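Chemist: fold the stuff below for me.
(chains A and B)
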2 protein chains.
Amino acid sequence: MNEFELIRRYFAACTSSREDVVVGIGDDCALLNPPSAQLLAVTTDMLIAGRHFPLDASAFDIGWKSLAVNLSDLAAMGAQPCWFTLALSLPEPDQSWLGEFAEGLGRCAKEFGIALVGGDTTRGALSISITAMGTTDSATSMRRDGARAGDVICVTGTLGDAALGLRLWQRRSFCRELVNTDLELLWGRLHRPQPRVSAGRALRGLAHAAIDLSDGLAGDLQHILSASGVGAEIRVDQLPMSPAFARATPEADRLALQVSGGDDYELCICIPPKELDSIRSSLDIPLVEIGHITTEPGLRWLDGQGRPLPVTAGGYDHFQ
Amino acid sequence: MNEFELIRRYFAACTSSREDVVVGIGDDCALLNPPSAQLLAVTTDMLIAGRHFPLDASAFDIGWKSLAVNLSDLAAMGAQPCWFTLALSLPEPDQSWLGEFAEGLGRCAKEFGIALVGGDTTRGALSISITAMGTTDSATSMRRDGARAGDVICVTGTLGDAALGLRLWQRRSFCRELVNTDLELLWGRLHRPQPRVSAGRALRGLAHAAIDLSDGLAGDLQHILSASGVGAEIRVDQLPMSPAFARATPEADRLALQVSGGDDYELCICIPPKELDSIRSSLDIPLVEIGHITTEPGLRWLDGQGRPLPVTAGGYDHFQ
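Modeler: Numbers count the residues shown, from 1 in each chain, chains lettered A, B, ... in the order given. This is a model prediction of the structure:
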């Protein structure tokens, strides 16, 4: 089976059907009909086996996550997902693996209404590169450089679940004492992140700045601070955690997992305090206030009594 | 140095400056302002070391070629290059390699007026995935499915140079008898393909179908025939060859290199015979007639006397 048949067989089905796709997979280029008077939002993420997902992750989960992490970037700009391309290298054209991968990818594509419009497949170490495109209004897109002193810093959902999930996945022969439903929740957070697309859409025009949390709060928030020329104070006792995370994590380990574990794929947003209540009520997921933007530069971590905590920033570094 | 600094340091400069880039590299997504009433043409290609370029190719050439092969796909649709994203995995952040790679990539980007708007860099086996975006009129874009019986089949430039160049590159300690300028030309064709963007633009509205020749004429033309539901006769004595190719290739080897060697990155187009002269005069590169489209399906190869030749089709199969 050559690469063309591969692509046709497995990937033709893993796409949403969209009327704005004039020519889809199968020509030199896809031809797409973007809506008028909208900006195009474009993001690209590459996932490598053993680095961005465990070597023994299921093909379905790898497919889901590959697209979900790109959708998370679109969500952070408040963009509506439209189309994506896939470049896949794999050691051999294993049909069972490809079938499951395409199913996971397709499930995510259909859930978020995004169409696969181009692909390239080749033999090599397992890696997946996806470029996702969406549309957004120019006036209301959320950038990293708009945070202002006094803004409230909030995160969607909970932090640390995926990082804990990864730790438990790697030690899964030793974690029999855990509640099964907790394990499933944490592994679900690790393997099938839910991009906050509808939250991102709801925040347009209200949030001053946003970023998605892929490398960990410490590193990702720093990008907002640098781009906006501001600082921040974060109350670590306010960082939202899931009941499963709280049950399974020793107190001493929580902070590291929550601020630099990575893979959360929640949104971190900076909003004017007066908007907080109305934003909260319009979202379909919890939004938790964790700190505020300051004029003074730097990222300061405070405990429940407002005392400084020596948290190492850094986030997840793909070359460390 | 973490990945963010890497991207900033080396790739910030390897881009054309374009007014339609509202937000470039450095946010969750790029924000782009597409022209109104145009279709978006999107293509993606992944290049793997040792498969799409020799393991010992220079970093500059790898950078150039990675973008050029994507521009070739845009050219085949008659699209105007606008923006691209880069996903790069490499074994280690080798600064000298990255500098040369970025220089080659940037040279190509500037020559074709395309802006780098997003990137992802990670540790892994060397691979480069690029997604290129361009714009085109909906009425005049060239697809694979428009070829009609009676159309003349033409190719730009010459065929076989890159395939011969690869063979000579692999045996370069043995090819001292070759003229140095011939070697340079053939290696240039292998390492720095020239995407036929301006030819593709000039062909809009005139060609019935087009494809770019990446895997070899035999395999690529077959895509047009399958998509259009037609057949073709090709006169192998008409296949254009460069003087360097003619000098360096034994007669018996020429055909295989020209029809299935791959890496030509020329355009293969199907046009109404009456348009041939005016198209030829509007192009900045030679356009050679090599055959014609037939109602009868199948791809038939004929010698100079019109006798059938047993040419194996197939093209280059990335999984063989």
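
Chemist: distance of residue A:71 from chain B?
Modeler: Between residue A:71 and chain B the distance is 11 Å, computed by C-beta to the nearest C-beta, to the nearest Å. No exception for glycine: its C-beta is placed from N, CA and C like everyone else's.

Chemist: OK, contacts around that residue?
Modeler: Contacts were defined as C-beta atoms under 8 Å, 6 or more residues apart in numbering or on different chains; by that measure residue A:71 touches A:81, A:108, A:112, A:114, A:132, A:195, A:197.

Chemist: which one of those residues is nearest residue B:212?
Modeler: Proximity to residue B:212 was ranked across the contacts of residue A:71 by C-beta to C-beta; first place goes to residue A:132, at 24.5 Å.

Chemist: ok, residue A:165 - contacts?
Modeler: The contact partners of residue A:165, by C-beta under 8 Å, 6+ apart, come to A:186, A:187, A:188, A:189, A:190, A:191.

Chemist: restrict these to contacts with chain B.
Modeler: If you filter the contacts of residue A:165 for contact with chain B, counting by C-beta under 8 Å from any C-beta of the partner chain, you are left with nothing.

Chemist: from the residues you listed, list just the buried residues.
Modeler: Burial by neighbour count, 16 or more other C-beta atoms under 10 Å in any protein chain shown: within those this picks out A:186, A:187, A:188, A:189, A:190, A:191.

Chemist: in helices, which of the residues you listed appear?
Modeler: Here DSSP state H is the test, and the buried ones among the contacts of residue A:165 give A:186, A:187, A:188, A:189, A:190, A:191 as lying in helices.

Chemist: got phi/psi on the closest residue to the last one other than its chain neighbours?
Modeler: Excluding the flanking residues, the one nearest residue A:191 by C-beta to C-beta, 6 or more residues apart in numbering or on different chains is residue A:61, at 3.8 Å. Taking degrees, to the nearest 10, you get phi -60, psi -40 for the backbone angles of residue A:61.

Chemist: which element is residue A:247 on?
Modeler: Using DSSP states H and E, residue A:247 maps to helix A:243-248.

Chemist: sorry, back to before: ok, so of the contacts of residue A:71, who is nearest chain B?
Modeler: Of all those, the one with the least separation from chain B (C-beta to the nearest C-beta) is residue A:132, at 8.3 Å.

Chemist: quick one: that closest one and residue A:42 touch, right?
Modeler: Yes - between residue A:132 and residue A:42 a contact is recorded at 7.4 Å, counting by C-beta atoms under 8 Å.

Chemist: need the next SSE after the helix holding residue A:247, C-terminal direction.
Modeler: Going C-terminal from helix A:243-248, and assigning secondary structure by DSSP H and E, you next hit helix A:251-260.

Chemist: what packs against that following helix?
Modeler: helix A:161-170, helix A:217-228 (3 or more C-beta pairs under 8 Å, 6 or more residues apart in numbering or on different chains; DSSP states H and E).

Chemist: save those as TSV, and put in mean pLDDT and distance to residue B:163 too.
Modeler: Supplementary listing: the helices and strands packed on helix A:251-260 in TSV, determined by pLDDT from 0 to 100; distance: least, C-beta to C-beta, whole Å:
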stretch	mean pLDDT	distance to residue B:163
helix A:161-170	93	46
helix A:217-228	95	45
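
Chemist: closest to residue A:291 out of those helices?
Modeler: Within those, the stretch nearest residue A:291 is helix A:217-228; the backing value is 8.8 Å (C-beta to C-beta).

Chemist: so where's the stretch 51-200 of chain A shaky on pLDDT?
Modeler: Within the stretch 51-200 of chain A, the segments meeting pLDDT under 70 span A:173-178.

Chemist: which positions in it make contact with chain B?
Modeler: Counting by C-beta under 8 Å from any C-beta, the residues of the stretch 51-200 of chain A lying close to chain B are A:51-52, A:73-74, A:76-77, A:79, A:83, A:85-89, A:92-93, A:117-125, A:127, A:129, A:131, A:133-134, A:136, A:138, A:141, A:143-145.

Chemist: buried only: go through the residues you listed for me.
Modeler: When burial is judged by neighbour count using 16+ other C-beta under 10 Å, the buried members of these are A:52, A:73-74, A:76-77, A:79, A:83, A:85-89, A:93, A:117-122, A:124-125, A:127, A:129, A:131, A:133-134, A:136, A:141, A:143-145.

Chemist: among those, which are located in helices?
Modeler: Checked against DSSP H, these include these in helices: A:73, A:74, A:76.

Chemist: show me the residues of the stretch 51-200 of chain A next to chain B that map onto strands.
Modeler: A:83, A:85-89, A:117-123, A:127, A:129, A:131, A:133-134, A:136 (DSSP state E).

Chemist: quickly find the element holding residue A:276.
Modeler: According to DSSP H and E, residue A:276 maps onto helix A:276-282.
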